[in-house]
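S.K.: let's see this in three dimensions:
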Amino acid sequence: MIDPTVARHPPDECLAAGRAARVRTLPRCDVPSHGRPQQKFPTRRPPRLHRLADVQIRWLTAYLDFPATEFGPGVTFWGAIAGATVSPPRGEEREFATLEPFNGDAHLKVQRLHSAHRALHLDLHVDDLATAVPEASALGATLIAEHPTHAVMRSPAGFDFCLVPWNGSARRSRPIRWPEDTISVIDQVCIDVPAPLFDDEVRFWSTVTEQPASPTSPTGVMSLRRDKRLALGIVLSPITGEAEHDISPQESGPDRVSAHLNIATTSVADEVSRHTEWGAQVLAEFPGWSVMADPFGRRYCITDRNPRTGE
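M.R.: I've put the predicted structure just below:
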């Protein structure tokens, strides 16, 4: 019997195609010039709205930012992990691409950088960019660069994100059912925050999204309440530089903010096995989750959570 809540993964057809490391390469958001107007998978209807005070946040997109030397094979790997196809490259330098799900709207994109550093950042899709920028600034963000199509912002702890016009995305994609019957989906961005800055950063993101934060592990990880209609959730993890659970990227450290992706799966063991076949490396294993590195060292987590609900 076919499960209508998951997408079947077809034979691998991941294409190498071609945003921005916060190691002081600013994000150059790939957005159209005109915007337009835990958890079950919704029918197509307007998502419940988060609030930036008077500003509506309609969608979240995670951007994987790659150095030029890693872009092709890195995009191929993450396309395979996501069970997605890669869109044709676009942009003045063909530096942008989208990881297209087999159903629903895309929430993962990629960018080739001139910088040698890899990173991850968020795009917050809003109705009114002109209103969102001063509202985010009033809540503690810093405006780094403003363009007609997007604004580059920095959180109190130093995490770069973009405010972009909403493009109509509203359909949360279904998780993938793999051949061994495991189900998985990339569904969380975890912001890794230096411990001294952690409480202020949690308050900022909780206020920006108007979602309360609650602890989800003894290690101090805080999760924002998940909106059922959004494809991505946000969690925050304190970095101490000492705890064995710290997984901040090598180019980061205990004094610097970073971010990584989390994957929800019905079988951590099966998911880890598949990822290692694609070239990933197991860095650490804990009850219910594993810390991984992609073939170039980008860290991420595979977690024992319900892929349909995120819980």
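S.K.: for stretch 139-152, which residues meet the burial criterion?
M.R.: Buried residues in stretch 139-152, defined by neighbour count with 16 or more other Cβ atoms under 10 Å: 139-141, 144, 149-152. Using the backbone N, CA and C atoms, a C-beta is placed for each residue, glycine as well.
S.K.: make that stretch 90-101, sorry
M.R.: The neighbour-count check on stretch 90-101 (16+ other Cβ under 10 Å) flags 95-101 as buried.
S.K.: how about stretch 262-277?
M.R.: Residues of stretch 262-277 classed as buried: 262-268, 270-272, 274-275 (neighbour count, 16+ other Cβ under 10 Å).
S.K.: wait, which of the residues you listed is closest to residue 231?
M.R.: residue 264 (11.6 Å; Cβ to Cβ).
S.K.: and the gap between the most centrally placed residue in the chain and residue 110?
M.R.: Geometric centre of the chain, nearest residue: residue 62, 3.4 Å, by Cα atoms, centre = their mean. Taking Cβ to Cβ, to the nearest Å as the measure, residue 62 falls 10 Å from residue 110.
S.K.: cool, residue 100 as well?
M.R.: Per Cβ to Cβ, residue 100 is found 11 Å from residue 110.
S.K.: find residues that contact each of those two.
M.R.: residue 86 (Cβ atoms under 8 Å, 6 or more residues apart in numbering).
S.K.: which residues in the stretch 1-150 of the chain form strands?
M.R.: 7-8, 50-52, 55-67, 85-86, 96-100, 108-113, 119-126, 142-146 (DSSP state E, counting those that start in this stretch).
S.K.: can you list those strands in TSV and add distance to residue 225 and mean pLDDT?
M.R.: TSV is the format used below for the strands of the stretch 1-150 of the chain (distance: least, Cβ to Cβ, whole Å; pLDDT from 0 to 100):
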stretch	distance to residue 225	mean pLDDT
strand 7-8	26	48
strand 50-52	10	56
strand 55-67	14	90
strand 85-86	32	94
strand 96-100	26	95
strand 108-113	22	95
strand 119-126	16	94
strand 142-146	26	95
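S.K.: among these, which comes closest to residue 257?
M.R.: So among these, strand 119-126 is nearest, using Cβ to Cβ, at 10.5 Å.
S.K.: quick one: residue 272 and residue 301 touch, right?
M.R.: No: when contacts are counted by Cβ atoms under 8 Å, residue 272 is not listed as touching residue 301 (10.7 Å).
S.K.: overlap of the contact sets of those two?
M.R.: 290, 292.
S.K.: what distance separates the start and the end of stretch 163-177?
M.R.: 33 Å (Cα to Cα, to the nearest Å).
S.K.: report pLDDT for residue 227.
M.R.: In this model, residue 227 is scored at 84, pLDDT.
S.K.: can you check residue 164 too?
M.R.: Value listed for residue 164 in the pLDDT field: 95.
S.K.: same deal with residue 279?
M.R.: On the pLDDT scale, residue 279 gets 96.
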